[in-house]
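**Q** take this sequence and fold it.
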Amino acid sequence: MFKLPSWLRWLFLALVSLSVTIACNQQPNATAPNANSSPSAPLVSATNNWVGYSGHHVAVGKDFFKEAGLAVQDLFFQSATEEMTAFLANKVDVAWLTSGDAVQLIAKDPTVKIIYLVDYSNGSDGILGRDINSPKDAKGKTVARENVLFEKILLQAYLDKAGLTEKDVTVKDLSAADSAAAFAAKQVDIAVTYEPYLTKAAAQGGGKVIFSTKDTNLIADVIAVRDSLIQNRSADLQAYLKATDKAVKLLNTGDAEALKIAGARLGVSADEVKTQLQGVKLFDLDENKTIAFNPKDSNSLIGNLELTAKGAYEYKLVPQPLKVETLYDDSVVKAS
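**A** As a prediction, this is how the structure comes out:
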């Protein structure tokens, strides 16, 4: 029987082994699960510098998410624009935003849905004026406002009272903080801003709040997620909302520890948080079930979304009209 030399046998075996390894490596891999579909994956939850999002901060600080069995990665942005950019880049799962910001996200990514009404501004957003006694006095004045939908809607609601539009004023596009600072420095006649800047800038700039969101639903804040998260992690989202609800209830009762936690995140005192929240209507889970998505209720989010979607199209922030019923999904709220 013919025998191969030992060195040749070793070479042959090595080649066979290598070919088997390559063949195995070339077998198609099973599709890796999307991070959002894995119950163990952290939910990346993002907010920005708005007192209405204090429910999130308290839920983190009081470990309510952990108690619900959720791993939540907390991201904090100084502006809504930064948060929106991160969301569109798939770096955020759960975004706390104005309804106007959410509408613009949906226009870019139709899989995004609003699932929860966080709050209505109830005086915490407003317009500052100096020597402005009525809306008609705004004509020809210099106005500072950020180029974001909710500020445009707020300003237009005021100008409408005198039959004016932004074309009748000189607009400076500044952030809410910079708008307030410009008003305080008397560099502009009118400024659109919100707390914690609103009240301080009015006093510093020798003016007053000439219009606000008091007793309106002009500005709403919401929670937005992608549809894939609703489909794959509905139970986690329900737990998330229930944890948030515990925090909101503490804030609505003026719990001292909750106010302190929120203040630490926002960089203000607990007393300042308490004062600012007087201008905000925080919605709990029960109110989301009975009011937020109820078209028969005059305080529903649906009315706000109709106004917001219309404004987004008129200001050319979205390329085409949006149907309100495509903007939200109330299934998580109903199941919670």
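**Q** strands along the stretch 51-200 of the chain, start to end?
**A** For the stretch 51-200 of the chain, applying DSSP state E, counting those that start in this stretch gives strands covering 72-77, 94-98, 112-121, 125-129, 142-145, 170-173, 190-194.
**Q** so which of the ones you listed is the most surrounded?
**A** strand 190-194 (a mean of 30; mean count of other C-beta atoms under 10 Å). Backbone N, C-alpha and C define where each C-beta goes, glycine included.
**Q** next one: that one to chain centre, how far?
**A** Put simply, strand 190-194 sits 20 Å off its chain's centre (C-alpha atoms, centre = their mean, to the nearest Å).
**Q** repeat for stretch 89-105
**A** Centre to centre, stretch against its chain (C-alpha atoms, centre = their mean), the figure for stretch 89-105 is 5 Å.
**Q** sort out which residues of that stretch are buried, please.
**A** 92-105 (16 or more other C-beta atoms under 10 Å).
**Q** could you dump these to TSV with distance to residue 262 and pLDDT?
**A** Shown next, in TSV, are those (distance: C-beta to C-beta, whole Å; pLDDT from 0 to 100):
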residue	distance to residue 262	pLDDT
92	20	98
93	22	98
94	18	98
95	19	98
96	13	98
97	18	96
98	19	94
99	22	96
100	23	93
101	21	94
102	22	96
103	26	96
104	27	94
105	25	96
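**Q** name the nearest of those residues relative to residue 114.
**A** residue 102 (5.3 Å; C-beta to C-beta).
**Q** the closest one touches residue 327, doesn't it?
**A** Yes - with contact defined as C-beta atoms under 8 Å, residue 102 reaches residue 327; the gap is 7.4 Å.
**Q** now do the shared contacts for the two.
**A** Overlap of the contact sets of residue 102 and residue 327 (by C-beta atoms under 8 Å, 6 or more residues apart in numbering) consists of residue 114.
**Q** helix/strand/coil for the residue nearest to residue 61 when sequence neighbours are not counted?
**A** Leaving aside its sequence neighbours, residue 61 sits nearest to residue 261 (C-beta to C-beta, 6 or more residues apart in numbering; 3.7 Å). Following DSSP: H, G, I helix; E, B strand; the rest coil, we place residue 261 in the helix state.
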